[in-house]
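Student: sharing a model prediction with you, sequence too.
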2 protein chains.
Amino acid sequence: MTEEIILKREMIQRFGDAYKAFGLNKLMGNVVALLLFSHQPLSLDELCSELGRSKGPVSQIVRRLRDRKLIRKVWDTENSRKDYYEIEPEIFENAFLNNFSLIKNNTKIAGMLKKKADTSDHQHIEIVQKRLLEMEAFYMLMEKHFSNFLNEWELKSREYR
Amino acid sequence: MTEEIILKREMIQRFGDAYKAFGLNKLMGNVVALLLFSHQPLSLDELCSELGRSKGPVSQIVRRLRDRKLIRKVWDTENSRKDYYEIEPEIFENAFLNNFSLIKNNTKIAGMLKKKADTSDHQHIEIVQKRLLEMEAFYMLMEKHFSNFLNEWELKSREYR
DNA sequence: TTTAGCGTTTTAAATTTTTGAAACGATAAA
DNA sequence: TTTATCGTTTCAAAAATTTAAAACGCTAAA
């Protein structure tokens, strides 16, 4: 029992750091880790007390996590009118897809700017065009492989559900 | 000419935002964009005046970008003893690799925790083990596809160099 | 040597982000 | 209705980050 709690604490730490490293709120990672390693859905109050935070920020973070489809609300028909939260089964691919859309945005920007650059008649712009061409190619190839990954994961993930 | 400057300004903005979205310093993105779309290497002073920033932060950011192998120093043997900076030719794959190492870390963590969980004799830990197993599988598959991507890009990038 | 021209580091101010307390609003039970 | 129990929003405080100014140290030229 103690061992499991230590493990959970470590995960809460690490997920917090990882989320921060990716430009997200640390608390988002904490909540995700807590739910990932809980045996049943948790209420907002339980999240608060487990993490030692007050309701305000946890409520906001829970919303952001739901927006990103990383956690979801479940209803405990027996008990009270509390909301309970659990991990979205597709959390990993959804988290990945959130970043994927950022990547796709880069491809789009590169393409757009390349088009703009093409219509410009300035000679010096060559280098810029070349750079944008490479950038677009890079992100397009990336997208292709990311799609492959997601497709393969869709098959493989069945083993775990 | 004006058009090119507008383009450059837009890129500086967008790269700043993108870098921030990935948890990095906005100024890092600004510097990268500026160098990506300059026709020759720039000195620290030029970076400062182009971006309207003072030397202190730019100097620090330049160091971080060099650490990450996104830009590099070149020497202008003719002029002065100023340092000049330009984009590292492999900037895109290097930027990607920086994040890749974060991903690899996730795989490692998942594996490590799974091992810890395996040695635990508590029954309730099953769910945790299952989650960690899935997480590890997810990141391992991701790594595989990322490697594929990098290999293919290594070939394709030759067209642009 | 001394001096001038660099880049770096430090420090303090400004800004942004995170956080908690409390007010607020909604809904279900009494 | 009224009351109690939630979740959400607001706002001010705290913490973290970003930034600029200036001091500093190094190196090359005089």
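Tutor: That came in fine, so what should we check first?

Student: and stretch A:50-70, anywhere near DNA strand C?
Tutor: Yes. Stretch A:50-70 lies within reach of DNA strand C by C-beta under 7 Å from any atom of the strand, at A:Gly52, A:Arg53, A:Ser54, A:Lys55, A:Gly56, A:Pro57, A:Gln60. Placement of C-beta: from N, CA and C, glycine included.

Student: list the residues that contact A:Lys156.
Tutor: B:Ala137, B:Leu141 (C-beta atoms under 8 Å, 6 or more residues apart in numbering or on different chains).

Student: does A:Lys69 belong to a helix, a strand or coil?
Tutor: coil (DSSP: H, G, I helix; E, B strand; the rest coil).

Student: got a list of what it touches?
Tutor: A:Glu88, A:Glu90, A:Ile91, A:Asn94.

Student: before we move on, the earlier item: greatest separation within the residues of stretch A:50-70 next to DNA strand C: which pair is it?
Tutor: A:Gly52 and A:Gln60 (16.4 Å; C-beta to C-beta).

Student: those two: which is more packed in?
Tutor: A:Gln60 (13 against 7; other C-beta atoms under 10 Å in any protein chain shown).

Student: could you report the distance from that one to A:Asp67?
Tutor: 11 Å (C-beta to C-beta, to the nearest Å).

Student: then A:Glu152?
Tutor: Taking C-beta to C-beta, one finds A:Glu152 at 27 Å from A:Asp67.

Student: quick one: which of the contacts of A:Lys69 is most hemmed in?
Tutor: Going by other C-beta under 10 Å, A:Ile91 tops those with 22 neighbours.

Student: wait, that one touches A:Leu70, no?
Tutor: Yes. Counting by C-beta atoms under 8 Å, A:Ile91 does reach A:Leu70; the two are 5.1 Å apart.

Student: give me the subset of the residues of stretch A:50-70 next to DNA strand C touching DNA strand D.
Tutor: Within the residues of stretch A:50-70 next to DNA strand C, those near DNA strand D by C-beta under 7 Å from any atom of the strand are A:Lys55, A:Gly56, A:Gln60.

Student: of all residues in chain A, which one is closest to DNA strand C?
Tutor: Distances between chain A and DNA strand C by C-beta to the nearest atom of the strand are smallest at A:Gly56, namely 2.6 Å.

Student: near DNA strand D, which residues of chain A?
Tutor: Contacts of chain A with DNA strand D, taken as C-beta under 7 Å from any atom of the strand, map to A:43-45, A:55-56, A:59-60, A:62-63, A:80-83.

Student: could I get those residues as a markdown table with pLDDT?
Tutor: Listed next are these as a markdown table, based on pLDDT from 0 to 100:
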| residue | pLDDT |
| --- | --- |
| A:Ser43 | 95 |
| A:Leu44 | 96 |
| A:Asp45 | 96 |
| A:Lys55 | 96 |
| A:Gly56 | 95 |
| A:Ser59 | 97 |
| A:Gln60 | 97 |
| A:Val62 | 98 |
| A:Arg63 | 97 |
| A:Ser80 | 70 |
| A:Arg81 | 80 |
| A:Lys82 | 89 |
| A:Asp83 | 93 |
